[in-house]
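1. Dropping the sequence and predicted coords here.
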Amino acid sequence: MFNPPSCTRSLLRDAIQTAMLASCTILASSASAAFDLKKLSTYSTEGDAGIYYRYDKPGTGLVRISPWHDIPFTLGKDEQGVPLLSFVCEIPRGTREKFEIHKSVSHNPLLQDVHKNGTLREYVYSPAIVNYGAITQTWEDPEEPDEDTTFGGDNDPIDVLQLNEGSCTRGAVQRVRVLGGLALVDDGETDWKLLVVDVDAADAPSWRDVSDIPEARVSEVREWYRMYKTAEGKGENTYGLDGAPHVHSPSPSPLSPKPYP
């Protein structure tokens, strides 16, 4: 298993602010060096829409891994030395099915979420307008109030809005540059939405921070995530920081020390 850096919180904060703590650089570099995306693969089983992960481990061969626990938090740096984080694509742009890293199933495959009545969850409001997913080895602690929202976290990995024009492939892992974040508050829980770009895609914009993102694009995604639950008869979501796309830190905690399922 690839263990999460003990300073995940500081790494994420400094990635957003385009700097890194020297004490974290060694941890991130060693984790990245030990992991080769080319050796990562996914698979599904007959009659099962879930997406499972395998890694070709030297000396062992293909072993099943968790995308949440075992894929490093960072995967190298860009040309300016800014750390690139590991993004797992859960809901490609233009699709409705709400897949997510499943916390309570062994090895945390991507599975479609279900309602309390057992039916599969989909976006009702409209298809996804961004590539949606999560950052590996992060967790929003429900017991820790966020300094920017005053609410505890939603007990999930940090969410990501990947802004490239093309759709990602569900289950794909990308190296992304963090530009900033929106401090969404969903039903009394902090649910940060990081704004990122996939740096390796052919259509990757050259944006470096939130000031480079067209204002209309920021407004579009902010309003979509404010309103999308109203199509299910629920209330509007709200935002901390007055909805401004801040470069200040979302405050995810490192993964819980509890063993994963």
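-> Structure's in. What do you need? Numbering: from 1, shown residues only.
2. which stretches of the stretch 101-250 of the chain aren't confidently modelled?
-> Low-confidence segments of the stretch 101-250 of the chain (pLDDT under 70): 247-250.
3. All the helices of it, residue numbers only.
-> 215-227 (DSSP state H, counting those that start in this stretch).
4. Can you show me the strands along it?
-> 110-112, 131-135, 159-162, 173-182, 184-186, 189-190, 193-198, 238-239 (DSSP state E, counting those that start in this stretch).
5. any idea how far the longest one is from the chain center?
-> Going back to what we said before, that points to strand 173-182. Centroid displacement of strand 173-182 relative to its chain, using C-alpha atoms, centre = their mean, to the nearest Å, is 8 Å.
6. Of the strands of the stretch 101-250 of the chain, which is nearest residue 153?
-> Taking C-beta to C-beta, strand 189-190 is the member of the strands of the stretch 101-250 of the chain nearest to residue 153, at 5.0 Å. Any C-beta I mention is one placed from the backbone N, CA and C, and that applies to glycine too.
7. which parts of stretch 196-213 are buried?
-> 196, 197, 198, 199, 201, 204, 205, 207, 209, 210, 213 (16 or more other C-beta atoms under 10 Å).
8. circling back: quick one: which of the strands of the stretch 101-250 of the chain is nearest residue 38?
-> strand 173-182 (11.0 Å).
9. Quickly compare the strands of the stretch 101-250 of the chain and say which is most buried.
-> Comparing those by mean neighbour count (mean count of other C-beta atoms under 10 Å), strand 131-135 comes out on top with a mean of 28.
10. So in that sheet, which strands flank that one, and in what orientation?
-> Here strand 131-135 has these sheet partners by DSSP bridges: strand 83-91 (antiparallel), strand 159-162 (antiparallel).
11. Enumerate every residue touching residue 36.
-> Residue 36 sits next to no residue when contact means C-beta atoms under 8 Å, 6 or more residues apart in numbering.
12. Can you give me the pLDDT of it?
-> You'll see residue 36 listed with a pLDDT of 94.
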